[in-house]
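J.: Got a sequence here, can you build the structure:
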Amino acid sequence: MAQNKKILVVQVAALGWDFVRCNADAARTFDFHSAETVFPAVTCPVQASFRTASRPRDHGIVSNGVFFGDVKRIAFWEQSAALVAGPRIWQQARAAGKRVGMMFWQQSLGEGVDLLLSPKPVHKHHGGMLQDCYTQPPDLYDRLQASVGRPFNLMHYWGPLASRRSSDWIVAATNAVMSNPSIAPDLLISYMPHLDYDLQRHGPESRKAQTALAVAMDHLEQLRTTAERSGYDYFFYGDYNIEPVTGEPVFPNRVLREAGLFKVRHVKGMAYPDFFASTGFSLVDHQVAHVFLSEESALQEARRVFTGLPGIADVLDWRAQTAAGLDTTRSGELVLVAEKGSWFAYPWWEQAAESPDYAGHVDIHNKPGYDPCELFFGWPPPNVSRDPTRIRGTHGRVGEGCEIAWTSSLEFDEQPRGIVKLAQQLKRKL
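T.: Numbering: from 1, shown residues only. I've put the predicted structure just below:
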């Protein structure tokens, strides 16, 4: 490593270049630069691209969810590191004796690192959950609870109560790891989530978004101070830029159901997806939707009904997906890209009475699509909102206006213009 220093990497969710540039006073203590993100610009593909310095076609992560075709199941936020293909940027350094730590990254369980911390609650048989974190070494979470002064509260990490408190804990724990020579790794990769919440809830132009950015800058100041004191260089970067929602949400599964491709089974009046009988359904994720189609006739019909539909900018077939770097077995036969200011919602029902039981709850694993409505309370609490028109910020597209922001104490050989190039440059520093 340069000058025998260690390196701290922190991904700041929703730290977009446009957002930082428009709030320059809040970010003035750092020298931020812009870089292109990867497509789709959502958490898991970006994190996989960074840790492998490769594109989704190489590492295979094309969404925050995965459709497992052999069991006909969509699963969001699966945490196995084995889902991410390809060598990691730290492999050579670790083989040479360097130690690596990873905190609060997606798909990190089973990763080849020396220190690991990730939320992993136990879901109880009759509902509810036991909050806990998975760690390596096994006693790490207990030690960090003692250092921070409290356990990590998963309610602050996602759901209506998601807030800066999640970042408060993670930053304190990251500082504790760096400050302890007995456990401090040579490369420490961490995460800061809270900025994303208020940008989705209130939009990037809101006052609450500006407040959340000021908090993020305070956190980065704390991390920089601890890094410098503990012999670390730092690298802070965003994963996507959140843009204002200006249009109505688009419902791909409703369109597919109306076309006779998406099938449901009714249980006590509620409509649950029947992926075994369906010839077409969509895995939706912010501004990108993968449409899985099992027959050629379904493919042609889906292409017809989606082409020109308001709110949809592009319908990518396999050739277009290849050009976009999404030509993997996990991609849908079609990939929908939302227009600027629009996004995709997962519901397939029109009538509230048909909504499945999990629709009004925080249930990130059963819902076959990302649901930002979980950031709001519904009625009566603790139910969550079912009103997608409340969402004010979204992301997933790439191109002009979608760049991310980054800053570092490291000196690079050239000015990187994209996340993959940034990761490649960082690899040379390890």
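
J.: Tell me how many other residues surround the nearest residue to V255 once chain neighbours are set aside.
T.: For V255, ignoring the flanking residues on the chain, the nearest one in space by CB to CB, 6 or more residues apart in numbering is V305 at 5.5 Å. C-beta: built from backbone N, CA, C; applies to glycine. Residue neighbour count, defined by other CB atoms under 10 Å, stands at 17 for V305.

J.: is it true that V305 lies in a helix?
T.: Yes - the assignment for V305 is a helix, going by DSSP: H, G, I helix; E, B strand; the rest coil.

J.: Contact partners for it?
T.: Listed by CB atoms under 8 Å, 6 or more residues apart in numbering, the contact partners of V305 are V255, L256, E258, A259.

J.: Got phi/psi on A93?
T.: Main-chain dihedrals, A93, degrees, to the nearest 10: phi -60, psi -40.

J.: D186 is in contact with that one, correct?
T.: Yes - contact status for A93 versus D186: in contact at 7.1 Å, counting by CB atoms under 8 Å.

J.: per-residue confidence for the residue of the chain positioned farthest from its centre?
T.: Relative to the mean C-alpha coordinate of the chain, counting by CA atoms, centre = their mean, the farthest residue is K268 (34.0 Å). Model confidence at K268, given as pLDDT, is 96.

J.: how close does it get to R229?
T.: 59 Å (CB to CB, to the nearest Å).

J.: Likewise for M103?
T.: Following CB to CB, the distance that separates M103 from R229 is 19 Å.

J.: where along the stretch 151-300 of the chain do the strands fall?
T.: 187-192, 232-238, 243-244, 264-267, 270-273, 280-285, 288-293 (DSSP state E, counting those that start in this stretch).

J.: Adding distance to G325 and mean neighbour count, write those strands out as JSON lines.
T.: Output for the strands of the stretch 151-300 of the chain, formatted as JSON lines (distance: least, CB to CB, whole Å; neighbours: other CB atoms under 10 Å):
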{"stretch": "strand 187-192", "distance to G325": "23", "mean neighbour count": "26"}
{"stretch": "strand 232-238", "distance to G325": "20", "mean neighbour count": "24"}
{"stretch": "strand 243-244", "distance to G325": "21", "mean neighbour count": "20"}
{"stretch": "strand 264-267", "distance to G325": "33", "mean neighbour count": "12"}
{"stretch": "strand 270-273", "distance to G325": "29", "mean neighbour count": "19"}
{"stretch": "strand 280-285", "distance to G325": "16", "mean neighbour count": "29"}
{"stretch": "strand 288-293", "distance to G325": "13", "mean neighbour count": "27"}
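
J.: Could you dump these into CSV and include distance to G401?
T.: Listed next are these as CSV, based on distance: least, CB to CB, whole Å:
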stretch, distance to G401
strand 187-192, 22
strand 232-238, 14
strand 243-244, 7
strand 264-267, 37
strand 270-273, 34
strand 280-285, 19
strand 288-293, 16
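
J.: closest to G378 out of those?
T.: Ranking the strands of the stretch 151-300 of the chain by proximity to G378 (CB to CB) places strand 270-273 first, at 16.5 Å.

J.: Okay, now the sheet partners of the closest one, with direction.
T.: Based on DSSP bridges, the strands next to strand 270-273 in the sheet, each with its direction, are strand 264-267 (antiparallel).

J.: Contacts for the strand it pairs with, please.
T.: Residues outside strand 264-267 that contact it (CB under 8 Å, 6+ apart) are R257, A271, Y272, P273, D274, A277, W348, W349, E354.

J.: Doesn't A359 lie inside a helix?
T.: Yes - counting by three-state DSSP, one finds A359 located in a helix.

J.: what sits against the closest residue to it other than its chain neighbours?
T.: With CB to CB, 6+ apart as the criterion, A359 has its nearest non-adjacent residue at 5.8 Å, and that residue is R386. R386 sits next to A352, S355, A359, G360, C373, G378 when contact means CB under 8 Å, 6+ apart.

J.: now, which of the residues you listed sits nearest V284?
T.: When these are compared for distance to V284, the smallest value, 12.5 Å, is given by C373; criterion: CB to CB.

J.: can you confirm that closest one is in a helix?
T.: Yes - secondary structure of C373, determined by three-state DSSP: located in a helix.

J.: separation between the residue nearest to it when sequence neighbours are not counted and P372?
T.: Distances taken as CB to CB, 6+ apart put S385 closest to C373, at 4.6 Å, once the chain neighbours are dropped. The spacing between S385 and P372, counted by CB to CB, is 9 Å.

J.: Give the residue from those two that has the larger number of neighbours.
T.: Relative neighbour count places P372 above the other of S385 and P372, with 22 against 19, counting by other CB under 10 Å.

J.: how much space between the more buried one and V291?
T.: Note on P372: its distance to V291, by CB to CB, is 20 Å.

J.: do Y134 as well
T.: As it turns out, when the distance is counted by CB to CB, Y134 lies 33 Å from V291.

J.: same thing with R99?
T.: Using CB to CB, we find R99 at a distance of 43 Å from V291.

J.: Okay, now the unreliable bits of this protein?
T.: Residue ranges of the chain with pLDDT under 70: 1-4.

J.: wait, isn't R150 in contact with A172?
T.: No - applying CB under 8 Å, one finds R150 not in contact with A172, separated by 9.3 Å.

J.: Right, I'll leave it there.
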